[in-house]
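> Structure of the sequence below:
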Amino acid sequence: MDMQSAQYTGLVLVSGEDRPGITEALFTTLAPFSLSIVDIEQVVIRSRLILTILITLNKAHAQAVEDDLNAQAESLDLDIAIAFSEQKSESIAAKSGFTHVVVLSQDLKPSAIAGLASAIADAGGNIERIHRTASYPVTAIEFLVSGVATASLKGPLTALSGELDVDIAVSPGGLMRWAKKLIIMDVDSTLISQEVIELLGAKAGVEEQIRGITERAMAGEIDFEASLRERVALLKGLPLSVIDEVRSEITLTPGAKTLVSTLQKLGHTVAAVSGGFINVIEPILATLKIEHYRGNTLESKDGLLTGGLVGPIIDRAAKAKALRDFAGIEKVDIEQTVAIGDGANDLDMIALAGLGIAFNAKPAVKAAADSAVSAPYLDSVLYLLGITREDVEDSGESVRK
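As a prediction, the model looks like this:
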């Protein structure tokens, strides 16, 4: 067939109160005619149905099709609009090269959607479809965009996130979106809600001193390794029993268990890498069935902490190396990795990963990441990956854990 030849098409738009039998009745009405279905889209919002159908047909049958559809819509108490036109077949051919844009917000405003749509248009993109992937505890909306390369959208939209007060993730479409992934995350203040070094410091009565050293490190006055060794030295003499005490005080970040178990059920690998201490977090990771992990090790002697560390320091470079190593073990391309973190120590792995996500992070980390999650729910990351709330509930993870 000549791809430039014209086809006669009909676009049918139906709306009304949703109930069983509507789709069957409409398509039964179309069944006697010699026509083809090209596209269908249906959505139900608060029991209100909107159904669009694109058909190709013989122009001579158009009036009969319209009359029968109008009669059926009247009998069903539906609103219907039908438009016929000549259209080149290439214009209704399947498109490719889509980009997925996901927007997350706890209070999504019209101005945010307007700003996002404007930025997409300015980049030369066209919004093909919009659908909701989650409605609680955050609203997640996914836009399917054509006509523009993913790389051309990522920069402008990521920069727009702060201005619009929403979280935005931009990723390419195609089969690779559903390929096996390695998701690696920081532990303190990401997978768990606490900072382990501060919990240990409280047991030694030096919590404020530890916080002061942390602030100096964040200000760039000392590097991570120096600050870590200085803080750990303050723990000298603590009995090993405090490790169990501290572990009992740790809580997972809301949504952490749901995130991990959902990803694992879908065949992805979840890993952890921590600037904190394996002595404390290892049993927690085992409970979550996380097999790949790295962290620092507190040294002990005669049942007491020595104030030193054993083995290599897990700093920002070591975290990036862990991502590479785990990806190699799991045979996952770097482009199919996701890194989640909140601090400067996570910057290298966030930059290296195919998708870097800043989770309730400091401004410098947000600026460096591909996307950010500002809501305090770790399972919101699932929506950035194209996984819907309905998918999560169907997997049995309906309660946030």
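> what sits up against stretch 174-186?
The contact list for stretch 174-186 (Cβ atoms under 8 Å, 6 or more residues apart in numbering) reads 96, 98, 100, 171, 191, 263, 267-275, 292, 319, 322-323, 326-327, 330, 332, 335-343, 345-346, 349, 353, 359, 381, 385-386. To be clear about C-beta, it is placed using only N, CA and C from the backbone, and glycine gets the same treatment.
> got it, and stretch 320-339?
By Cβ under 8 Å, 6+ apart, stretch 320-339 touches 176, 179-185, 269, 271, 273, 292, 294, 314, 346, 348-357, 381, 385.
> what does stretch 134-148 give?
Outside stretch 134-148, the residues within contact range by Cβ under 8 Å, 6+ apart are 95, 97-106, 108, 113, 116, 120, 123-133, 153, 173, 375, 377, 380, 383, 386, 388-389, 400.
> So this protein: which segments form each domain?
6-92, 99-174, 182-194+250-394 (automatic domain parsing).
> Deepest-packed of those domains, please.
The highest average neighbour count among the domains of the chain, using mean count of other Cβ atoms under 10 Å, belongs to domain 182-194+250-394 at a mean of 20.
> Next, the distance between the ends of that domain.
The separation between the terminal residues of domain 182-194+250-394, taken as Cα to Cα, to the nearest Å, is 22 Å.
> again, but for stretch 301-316
28 Å.
> cool, and stretch 251-267?
Here the two ends of stretch 251-267 are set 26 Å apart, with distance taken as Cα to Cα.
> Need the domains of the chain in JSON lines (columns: distance to residue 222 and mean pLDDT).
Listed next are the domains of the chain as JSON lines, based on distance: least, Cβ to Cβ, whole Å; pLDDT from 0 to 100:
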{"stretch": "domain 6-92", "distance to residue 222": "54", "mean pLDDT": "92"}
{"stretch": "domain 99-174", "distance to residue 222": "29", "mean pLDDT": "92"}
{"stretch": "domain 182-194+250-394", "distance to residue 222": "12", "mean pLDDT": "95"}
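> Next, format the ones you listed as a markdown table and append distance to residue 212.
Output for the domains of the chain, formatted as a markdown table (distance: least, Cβ to Cβ, whole Å):
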| stretch | distance to residue 212 |
| --- | --- |
| domain 6-92 | 52 |
| domain 99-174 | 29 |
| domain 182-194+250-394 | 17 |
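> on that earlier part again, filter the contacts of stretch 134-148 down to the ones in strands?
In strands, judged by DSSP state E, the following of the contacts of stretch 134-148 are found: 99-105, 126-133.
> From those residues, pick the one nearest residue 254.
residue 104 (14.8 Å; Cβ to Cβ).
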